[in-house]
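Q: have a look at this prediction, sequence included:
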Amino acid sequence: MPFQNEPIPQDTISSMLSTNWNTNSNNTPTPTFFIVNDGTTAIRFDLTSGDYIGIKADTPSLEENPIGTWIYAHQKTRVLLELYTSISRQRLWNTMKEVRRICHSQMHNLTNYQRVQFASFDEIVDEQQRIWKGRIIIELINSAAIMNITADT
């Protein structure tokens, strides 16, 4: 069997969100999505031009728990979304609502994962005025997946 690249979870989530964003569902405009450390997007962004969602791996990036005779395992991949807006706290929460809606509606529609789960949301409060931030954890789940135990799989 030919070599197959491991799917990059951040790319999967970015594609899922940008493809399924619905500006009519809660009157939240589509934010700019960027993958942190992809080498093409500067970390600086201008909140006067719109909202942003940074997508990066969370810790642990991949968790694998062997089951049975260690041929199969439960796998969980965690992705962190960082939301930024200068509009209002309500916009932050509406953006979170749209991400959650997409996760629930696409729960079983990803190719490389059995399930996508919206795991948590934390509003970040700090000293910066008129900037609202939040963090979302999304988990990509494969249950009882075969482990890569040979060089040709």
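A: Nice, thanks for sending it over.
Q: CA only for contacts and neighbour counts going forward, please
A: OK.
Q: what ranges do the strands span in this structure?
A: 32-35, 52-67, 72-85, 115-124, 132-146 (DSSP state E).
Q: pick the most deeply packed of those.
A: Mean neighbours per residue, mean count of other CA atoms under 10 Å, is largest over the strands of the chain for strand 72-85, with a mean of 22.
Q: now the angle between strand 132-146 and that one, please.
A: Using axes from the mean of the first three to the mean of the last three CA atoms, to 10 degrees, the inter-axis angle of strand 72-85 relative to strand 132-146 is 170 degrees.
Q: how much space between the closest residue to Y72 other than its chain neighbours and H108?
A: Spatial nearest neighbour of Y72, chain neighbours left out: I146 (4.4 Å); criterion: CA to CA, 6 or more residues apart in numbering. For I146, the distance to H108 (CA to CA, to the nearest Å) stands at 18 Å.
Q: what's the helix-or-strand element of the chain with minimal mean pLDDT packed up against?
A: Taking mean pLDDT, DSSP states H and E as the measure, the chain has helix 23-26 as its least confident helix or strand, at a mean of 74. Helices and strands touching helix 23-26, by 3 or more CA pairs under 8 Å, 6 or more residues apart in numbering; DSSP states H and E, are helix 89-105.
Q: buried set for the helix it packs on?
A: 89, 91-103 (16 or more other CA atoms under 10 Å).
Q: who's in contact with it?
A: Contacting residues not belonging to helix 89-105 are listed as 16-17, 20-22, 25-26, 28, 83-85, 116-118, 121, 132-134, 136 [CA atoms under 8 Å, 6 or more residues apart in numbering].
Q: quick one: closest of the strands of the chain to D11.
A: Nearest to D11 among these is strand 32-35 (7.5 Å), distances taken as CA to CA.
Q: show the average pLDDT along that closest one.
A: For strand 32-35, mean pLDDT is 92.
Q: now for that strand, which elements pack on it?
A: Counting by 3+ CA pairs under 8 Å, 6+ apart, strand 32-35 packs on helix 9-20, strand 52-67.
Q: for the first one, buried residues please.
A: The neighbour-count check on helix 9-20 (16+ other CA under 10 Å) flags P9, Q10, I13, S14, M16, L17, N20 as buried.
Q: relative to V79, how far out is N148?
A: 22 Å.
Q: er, A57 I mean
A: 5 Å.
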